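A.B. asks: need a 3D model of the sequence below.
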Amino acid sequence: MDRLTQYAVLLLLGGVTLAVALGDAHLAYVQPGFRPLLLLAAAVLLLLGLIGVVRARSRPDAEAGGGGHDHGHAAPHVAWLLLLPVAVLLLVAPPALGSFTAARQAQQIEVAPEPPVGGIGPDDPGEDHRTMTLFDYSLHALAGNTSALEDRLVRLTGFVTPRDGGGWYVSRIAISCCAADAVAFTVVVDAPQGDLVADQWVEVVGSWVPPQPHPSGGYPEAVVSPRTVTTIDAPANTYEG
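C.D. replies: Sure thing, here's the model as predicted:
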């Protein structure tokens with residue numbers, strides 16, 4: 001790989017990074033707050049690549065080491081591996097993590113004698129239910145005192161994950177930084193899965209019922225008894241956290 005090609009690769013990497021950061025594609029890999037860093041990285045790559053291309057084209061003999069031959073300036077062949085991330089993003093961009101991850105990395109919630117302070121809050125404006133994250137619902141549903149959930153309807157959103165032993169899961173992936181540190185939170189939906197397929201996004205409005213043991217781990221899992229299950233479009237940012 002000669003100098004001019006190296007700089008062209010930098011331009012390509014910068015361009016792809018910029019395209020990912022400007023749209024919603026980056027939300028499949030990192031938190032929304034990382035967009036400014038991606039934009040900065042893209043700007044640096046594009047600037048370095050542009051400067052390099054201009055210099056290489058204006059001084060071809062100097063860049064080649066004189067006499068039209070490249071003496072000691074060529075990058076090792078392994079540098080071509082820099083194009084692999086670009087090829088992956090352009091040809092087979094991986095989707096956000098889904099049911100495959102949720103079925104293998106579901107987070108066991110510690111059972112607390114008392115739920116978090118403050119209860120679950122008021123109903124959504126104009127509705128008779130309260131929207132909760134799967135994590136918050138699980139904290140309340142598995143606590144020793146579940147009075148805040150009793151006689152209340154809750155609204156949970158997530159994607160479908162099949163479950164052995166009856167029912168199915170409404171699931172959500174949580175990340176702290178990026179997809180590499182992902183953990184899954186799941187709530188058992190106490191109803192047949194029916195025509196719902198894995199990774200389909202749904203809105204579940206239902207009520208608390210007692211926990212059920214995990215089919216293989218035996219630990220208690222939060223459960224919701226659905227009143228309605230509605231299919232919805234996946235949000236732009238599918239992750240919690």
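A.B. asks: helices or strands up against the helix ranked longest in the chain?
C.D. replies: Assignment by DSSP state H gives helix 35-58 as the longest helix of the chain. On a contact count with 3 or more CB pairs under 8 Å, 6 or more residues apart in numbering; DSSP states H and E, helix 35-58 meets helix 3-22. For every residue, glycine as well, the C-beta is placed using N, CA and C.
A.B. asks: so which elements touch the helix it packs on?
C.D. replies: Helix 3-22 sits against helix 35-58, helix 83-91, with contacts defined as 3+ CB pairs under 8 Å, 6+ apart.
A.B. asks: report the backbone C-alpha coordinates of it in CSV.
C.D. replies: The C-alpha coordinates for helix 3-22 follow below in CSV (Å, rounded to 0.1, in the frame of the first residue of the first chain):
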residue,chain,number,x,y,z
ARG,A,3,1.2,6.6,0.5
LEU,A,4,-1.5,7.9,-1.8
THR,A,5,-3.5,4.7,-1.1
GLN,A,6,-3.1,5.1,2.6
TYR,A,7,-4.5,8.6,2.5
ALA,A,8,-7.4,7.4,0.3
VAL,A,9,-8.2,4.8,2.9
LEU,A,10,-8.2,7.5,5.6
LEU,A,11,-10.7,9.5,3.5
LEU,A,12,-12.9,6.4,3.0
LEU,A,13,-12.8,5.7,6.8
GLY,A,14,-13.6,9.3,7.6
GLY,A,15,-16.5,9.4,5.0
VAL,A,16,-18.1,6.2,6.4
THR,A,17,-17.7,7.4,10.0
LEU,A,18,-19.3,10.7,9.0
ALA,A,19,-22.2,9.0,7.3
VAL,A,20,-22.8,6.7,10.3
ALA,A,21,-22.7,9.5,12.7
LEU,A,22,-25.0,11.9,10.8
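A.B. asks: so for it, what gets flagged as buried?
C.D. replies: 3-4, 6-14, 16-18, 20-21 (16 or more other CB atoms under 10 Å).
A.B. asks: model confidence over it, on average?
C.D. replies: Averaging pLDDT along helix 3-22 yields 76.
A.B. asks: again with stretch 193-212
C.D. replies: 95.
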